[in-house]
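# Give the three-dimensional model of this entry:
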Amino acid sequence: MPNETKGTATLPAELTVQMPVLLTVAEIATYLGASKMHVYRLIEAGELPVSDIATPGSTSTKTRVAAADLAAYIARYRTPKETPVSRKPRT
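So this is what the prediction gives:
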């Protein structure tokens, strides 16, 4: 049975799953060309679902957003290309 290596653990191929890529607030801000505060506001508004990967019982958070969720957010607000306005020929 072939094995796949994920990080430092070796899992049987049939047990491996595609893990989501998790991005930090700073990475998202850089990608969007926005501030970290803007990203936190998007999270607070429910626009970006998050995962908190902090150690249980920790007083601090480690907020992460799945890359697929960021892509979905961008797709929701993407404006379509404008179609050129055809001009009527002068008569």
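
# Show me the helices in the chain, by range?
Using DSSP state H, the helices of the chain run over 25-32, 36-44, 67-77.

# among those, which is nearest Asp52?
Smallest distance to Asp52 across the helices of the chain (C-beta to C-beta): 10.7 Å, for helix 36-44. Quick note: C-beta positions are derived from backbone N, CA and C, even for glycine.

# By average pLDDT, which secondary structure element in this protein comes out worst?
Using mean pLDDT, DSSP states H and E, strand 3-6 stands out as the lowest-scoring helix or strand of the chain, at a mean of 49.

# one step back: switch the helices of the chain over to TSV; also include mean pLDDT.
What follows is the helices of the chain, written out as TSV (pLDDT from 0 to 100):
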stretch	mean pLDDT
helix 25-32	97
helix 36-44	98
helix 67-77	95
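
# Could you point out which of the ones you listed sits nearest Ala54?
Ala54 lies closest to helix 25-32 among these, at 13.3 Å (C-beta to C-beta).

# what comes into contact with the closest one?
23, 35-36, 38-40, 43, 48, 63, 65, 70 (C-beta atoms under 8 Å, 6 or more residues apart in numbering).

# between it and helix 67-77, how many degrees?
40 degrees (axes from the mean of the first three to the mean of the last three C-alpha atoms, to 10 degrees).

# Next, the angle helix 36-44 makes with helix 25-32.
If you take the same axes, to 10 degrees, helix 25-32 sits at 100 degrees to helix 36-44.
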